[in-house]
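S.K.: Starting from these lines, generate the structure:
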Amino acid sequence: MKKIMIYLMVVTLSVTSLCGCGKKKEKKVFTGDKVPQIESIRNLCELATLKCRYNNVAKASKSDGSGPISLFRDNRVFWVKYTGVVEISFDLNKVKMDINNNKVEVTLPKCIVSTSIDPNSWDDESYVSDKDTGLKKNTIKTEDIRKAIDSAQKNMDDEVKNNATLMNSATARAKDIIKSYIDQMNQITGSEYTVEFLEEETEDETETESK
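M.R.: Now for the predicted structure:
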């Protein structure tokens, strides 16, 4: 039985080198509120969603199989290049806001990260391989390429979720947009609200406080 083994996954995960990182510049985010509203805050968090594209290369090996048929096939090594998409967003239902006098306290939850494969970034010819000898031919097929990409993508999920630069960038973007909303509302309505961002309580912290 043929086996596909993923040896290497090469990818750059810094915000500055990701191509197509979705950062739009919003100059005006004021929504007409006279008092800060949680619905507006949540809409702004949705606006802060980051979408990035990255190029990934997976190195895979296709074995010659087993049994007599392996005598007529060689092991093959090949590299697959494809494009992935990273989306970093917030669970809007977990975004909280409290107003104490003129202080607006906003609690942002941890970012939600999802990755996917751009299906248009690869095809049957999207690989580079070692030489396939004429006598022991071991053709690399579409299903081999797809397995290599899927395996590399599983590793990519963990890499992205553990990338502090991306997480911090998404959170900082949300904070900047919310702060602009408060500043613009103050300027138009003559209010003097300030905004403070609080950390979301984890389940462990909640259990500790309840004991």
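S.K.: which residues of the protein fall in strands?
M.R.: Assigned by DSSP state E, the chain shows strands spanning 4-11, 50-62, 76-89, 96-100, 103-108, 112-117, 127-129, 194-199.
S.K.: which stretch among the ones you listed comes nearest Ile41?
M.R.: The closest of the strands of the chain to Ile41 is strand 96-100. By CB to CB, the value is 5.2 Å. (Each C-beta comes from the backbone N, C-alpha and C, glycine too.)
S.K.: Can you name every helix or strand that the closest one contacts?
M.R.: Here strand 96-100 touches helix 38-47, strand 103-108, going by 3 or more CB pairs under 8 Å, 6 or more residues apart in numbering; DSSP states H and E.
S.K.: sorry, back to before: export the strands of the chain to JSON lines and append columns for distance to Ser169 and mean pLDDT.
M.R.: Listed next are those as JSON lines, based on distance: least, CB to CB, whole Å; pLDDT from 0 to 100:
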{"stretch": "strand 4-11", "distance to Ser169": "17", "mean pLDDT": "38"}
{"stretch": "strand 50-62", "distance to Ser169": "7", "mean pLDDT": "80"}
{"stretch": "strand 76-89", "distance to Ser169": "8", "mean pLDDT": "85"}
{"stretch": "strand 96-100", "distance to Ser169": "22", "mean pLDDT": "96"}
{"stretch": "strand 103-108", "distance to Ser169": "13", "mean pLDDT": "96"}
{"stretch": "strand 112-117", "distance to Ser169": "12", "mean pLDDT": "88"}
{"stretch": "strand 127-129", "distance to Ser169": "32", "mean pLDDT": "68"}
{"stretch": "strand 194-199", "distance to Ser169": "15", "mean pLDDT": "94"}
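S.K.: Could you measure from Pro36 over to Leu198?
M.R.: 15 Å (CB to CB, to the nearest Å).
S.K.: and the end-to-end length of stretch 111-123?
M.R.: 32 Å (CA to CA, to the nearest Å).
S.K.: Now do the buried residues in it.
M.R.: Using 16 or more other CB atoms under 10 Å as the test for burial, stretch 111-123 gives 111, 113, 115, 117, 121-122.
S.K.: Ser191: how many residues sit nearby?
M.R.: Ser191 sits with 14 neighbouring residues when counted by other CB atoms under 10 Å.
S.K.: got it, and Gln153?
M.R.: 17.
S.K.: wait, isn't it in contact with Ile117?
M.R.: Yes - with contact defined as CB atoms under 8 Å, Gln153 counts as touching Ile117 (5.9 Å).
S.K.: which residues do these two both contact?
M.R.: Gly84 (CB atoms under 8 Å, 6 or more residues apart in numbering).
S.K.: Tell me the spatial nearest neighbour of Lys161, not counting adjacent residues.
M.R.: Nearest residue to Lys161, sequence neighbours excluded (CB to CB, 6 or more residues apart in numbering): Val113, at 5.0 Å.
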